[in-house]
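Visitor: 3D, please:
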Amino acid sequence: MRETLLKLLEVNVNQPLTLQRILITFAITLLMAVLIVFIYRITFRGVLYNRSFGTALLMVSLVTSLIIMPISSNIVLSLGMVGALSIVRFRTALKDPLDIVYMFWAIALGLTSGAGFFQLAIIGCLILAAIMLVASVVQTGGRSKPYLLIIRYDEHFRADLRQALPPYTVKSKTSTSSGFEVVLEISLKNQDNRLVEQLQQVSGIQSVSLVRYSGDYQ
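Guide: Got it, this is the predicted structure:
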C-alpha cells in the first residue's frame, strides 16, 4: 500500500493522461481545496461569511488542475492553450487582501496538482494552512475586537457617553424627526450584553444595537 502511494506521488510531468492520473489529480486537488476553504472559514474575520467565495476557491483549484493536466502532458497543446488563455481577463474586485491570498493559494494548488507535483501540493498546502492558523491566532488572540454601537436617543437624553463607555470613535450622527442616531466604533474583548442593557436603562435612549464588524466600516 505504501509503495503504491509513493508511486502515485512520483513527479512525472510528461506522463500520459490516463484515467488513473485524472482521478488521482482531482481527488488530491479536491481534498486540499477543502482544506483551503476550511482554513478560510475559521480565519474569516469579516461581518458576513461569503459562501460563494468559498465555493469559488474550491472550483478554481479544480478548474486550474483541469487546464494544467493537458498542458503538462502535451507540449504542442500547451502552446495553443497558453495563447488562448492569454485573452482571458478577470474584473472581479476583492476588497479584503486576504481574499487575494486565498485565491492565489487555490490557483497554486491547481497548478502544482495538475502538473503532477502531488507531494509539493500536499506538503505546501499543509504548511500554508499551519502558517495561516498561527497568524490568525497571533493577530486576534486576546485582543479587543471592533464593534459598532448604534444608539438612538431623543431630547431627554442628558448623560455623558464618554463616562459610560470605553474610548470610542464617532462614525456618524444623524438627526431625525423622532430624535438622534449616533454610530460609534468601540473595542471590546467580548460582546458584552450588559453594556447594551445598561444603556437601555438610561433616560432618553430609545434603542441600542451592538454590531460586530471587521474594522473596514466607512
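Visitor: CA only for contacts and neighbour counts going forward, please
Guide: OK.
Visitor: Cross-check the contact I'm expecting between Y147 and I186.
Guide: Yes. If you go by Cα atoms under 8 Å, Y147 and I186 touch, sitting 5.3 Å apart.
Visitor: Look at V76 and report its pLDDT.
Guide: Here the pLDDT value assigned to V76 is 55.
Visitor: Equivalent analysis for E197, please.
Guide: 75.
Visitor: Domain parsing of this protein, as residue ranges.
Guide: The chain breaks down by automatic domain parsing into domains covering 2-140, 145-212.
Visitor: and D154, what does it touch?
Guide: Each residue near D154 by Cα atoms under 8 Å, 6 or more residues apart in numbering is listed here: 178-180, 204-206.
Visitor: mind running it again at 6 Å?
Guide: 179, 204 (Cα atoms under 6 Å, 6 or more residues apart in numbering).
Visitor: Relative to F44, how far out is it?
Guide: 37 Å (Cα to Cα, to the nearest Å).
Visitor: How much space separates S65 from F53?
Guide: Shown here: S65 relative to F53, a distance of 18 Å by Cα to Cα.
Visitor: The two: who's more crowded?
Guide: Between S65 and F53, S65 has the larger neighbour count (other Cα atoms under 10 Å), namely 26 against 15.
Visitor: Secondary structure element holding that one?
Guide: In this structure, S65 is located in helix 51-73 according to DSSP states H and E.
Visitor: Kindly report the same for L35.
Guide: Here L35, judged by DSSP H and E, is contained in helix 19-43.
Visitor: list the contacts for A135?
Guide: Contacts of A135 (Cα under 6 Å, 6+ apart): none.
Visitor: Assign it to helix, strand or coil.
Guide: Recorded secondary structure, A135: helix (DSSP: H, G, I helix; E, B strand; the rest coil).
Visitor: And the pLDDT at it?
Guide: Looking at A135, its pLDDT reads 87.
Visitor: cool, the one 10 residues further on as well?
Guide: We have a pLDDT of 69 for K145.
Visitor: Where do the strands of this protein begin and end?
Guide: Ranges of strands within the chain are 145-153, 168-176, 179-188, 205-212, based on DSSP state E.
Visitor: Just checking: what are the partner strands of the longest one?
Guide: The strands that strand 179-188 pairs with in its sheet are strand 145-153 (antiparallel), strand 168-176 (antiparallel) (by DSSP bridges).
Visitor: so it versus strand 205-212, what angle?
Guide: 40 degrees (axes from the mean of the first three to the mean of the last three Cα atoms, to 10 degrees).
Visitor: what about strand 179-188, distance to the chain center?
Guide: In terms of Cα atoms, centre = their mean, to the nearest Å, the centre of strand 179-188 is found 27 Å from the chain centre.
Visitor: and what of stretch 158-169?
Guide: Distance of stretch 158-169 from the chain centroid (Cα atoms, centre = their mean) equals 34 Å.
Visitor: Quick check: buried residues in the helix holding S65?
Guide: Within helix 51-73, the residues that count as buried by 16 or more other Cα atoms under 10 Å are 54, 57-73.
Visitor: Over to stretch 197-210?
Guide: Here stretch 197-210 shows 199-200, 204-206, 208, 210 as buried, counting by 16+ other Cα under 10 Å.
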